[in-house]
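Colleague: sequence plus predicted model, see below.
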Amino acid sequence: ATAEKIRGRMRQCRTLLYLHSANATKSKWCPWELGYFDAFTHPSRRVFIFPVTAADRSYTSQEYLNLYDTVDMASIGVATRRRDDIRVKGADSSFRAWSVAA
């Protein structure tokens with residue numbers, strides 16, 4: 001029942017912002033949700049990885065997360081102050097432009 005509810009909600013979404021933390025790697029649900037959404041939106045891959053780490057730690061991703069664009073953490077402060085787009089490493093456009101166009 002839970003998986004079907006999550007699946008139904010994900011079908012209503014155009015974009016997945018995957019918050020990746022140390023606990024996400026231990027989760028039974030997070031990798032499943034990521035895989036489901038990737039398959040559901042394939043081939044457009046409407047998935048962004050948002051690394052959540054302590055300020056004194058660097059971000060190291062799981063190998064499979066390298067399939068997706070990563071939100072550039074350095075742009076968040078600028079985006080908040082200027083109400084500008086959040087830039088994405090490895091993408092040709094910003095998160096806002098990409099998610100609106102989808």
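Modeller: Cool, got the structure. Numbers count the residues shown, from 1 in each chain.

Colleague: next secondary structure element downstream of the top helix by length along the chain?
Modeller: The residue-count maximum for a helix in the chain (DSSP state H) belongs to helix 29-41. Downstream of helix 29-41, the next assigned helix or strand under DSSP states H and E is strand 47-51.

Colleague: so in that sheet, which strands flank the helix or strand following that following strand, and in what orientation?
Modeller: Sequence-wise, the next helix or strand downstream of strand 47-51 (DSSP H and E) is strand 69-71. Note on strand 69-71: by DSSP bridges, its sheet partners are strand 47-51 (parallel), strand 88-89 (antiparallel).

Colleague: can you tell me, leaving aside adjacent residues, what's nearest to residue 46?
Modeller: residue 15 (4.8 Å; Cβ to Cβ, 6 or more residues apart in numbering). To be clear about C-beta, it is placed using only N, CA and C from the backbone, and glycine gets the same treatment.

Colleague: quick check: pLDDT value at the one you found.
Modeller: We have a pLDDT of 89 for residue 15.

Colleague: was I right to think residue 19 contacts residue 52?
Modeller: Yes. The criterion here is Cβ atoms under 8 Å, and residue 19 meets it with residue 52 at 5.2 Å.

Colleague: which residues are in contact with each of the two?
Modeller: Common neighbours of residue 19 and residue 52, using Cβ atoms under 8 Å, 6 or more residues apart in numbering, do not exist here.

Colleague: any weak-confidence spans in the protein?
Modeller: Scanning the chain with the threshold set as pLDDT under 70 gives 54-60, 73-102.

Colleague: change it to 90
Modeller: Across the chain, the ranges flagged by pLDDT under 90 are 1, 14-15, 19-28, 40-102.

Colleague: list the buried residues in stretch 22-42.
Modeller: Within stretch 22-42, the residues scored as buried using 16 or more other Cβ atoms under 10 Å are 24, 30, 33-34, 36-38, 41.

Colleague: CA atoms of it as PDB?
Modeller: Taking C-alpha atoms only, stretch 22-42 is exported to PDB below (Å, rounded to 0.1, in the frame of the first residue of the first chain):
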ATOM      1  CA  ALA A  22      24.400   9.800   4.800                       C
ATOM      2  CA  ASN A  23      21.000   8.400   5.900                       C
ATOM      3  CA  ALA A  24      19.800   8.200   2.300                       C
ATOM      4  CA  THR A  25      22.400   5.500   1.600                       C
ATOM      5  CA  LYS A  26      21.000   3.500   4.500                       C
ATOM      6  CA  SER A  27      17.300   3.900   3.400                       C
ATOM      7  CA  LYS A  28      15.300   1.200   1.800                       C
ATOM      8  CA  TRP A  29      13.000   3.700   0.200                       C
ATOM      9  CA  CYS A  30      15.300   6.400  -1.300                       C
ATOM     10  CA  PRO A  31      17.100   4.200  -3.900                       C
ATOM     11  CA  TRP A  32      13.800   2.600  -4.800                       C
ATOM     12  CA  GLU A  33      12.100   6.000  -5.300                       C
ATOM     13  CA  LEU A  34      15.100   7.300  -7.300                       C
ATOM     14  CA  GLY A  35      15.000   4.200  -9.600                       C
ATOM     15  CA  TYR A  36      11.300   4.300 -10.100                       C
ATOM     16  CA  PHE A  37      11.300   8.000 -11.000                       C
ATOM     17  CA  ASP A  38      14.200   7.600 -13.300                       C
ATOM     18  CA  ALA A  39      12.400   4.800 -15.200                       C
ATOM     19  CA  PHE A  40       9.100   6.700 -15.200                       C
ATOM     20  CA  THR A  41      10.700   9.800 -16.800                       C
ATOM     21  CA  HIS A  42      13.100   8.000 -19.000                       C
END
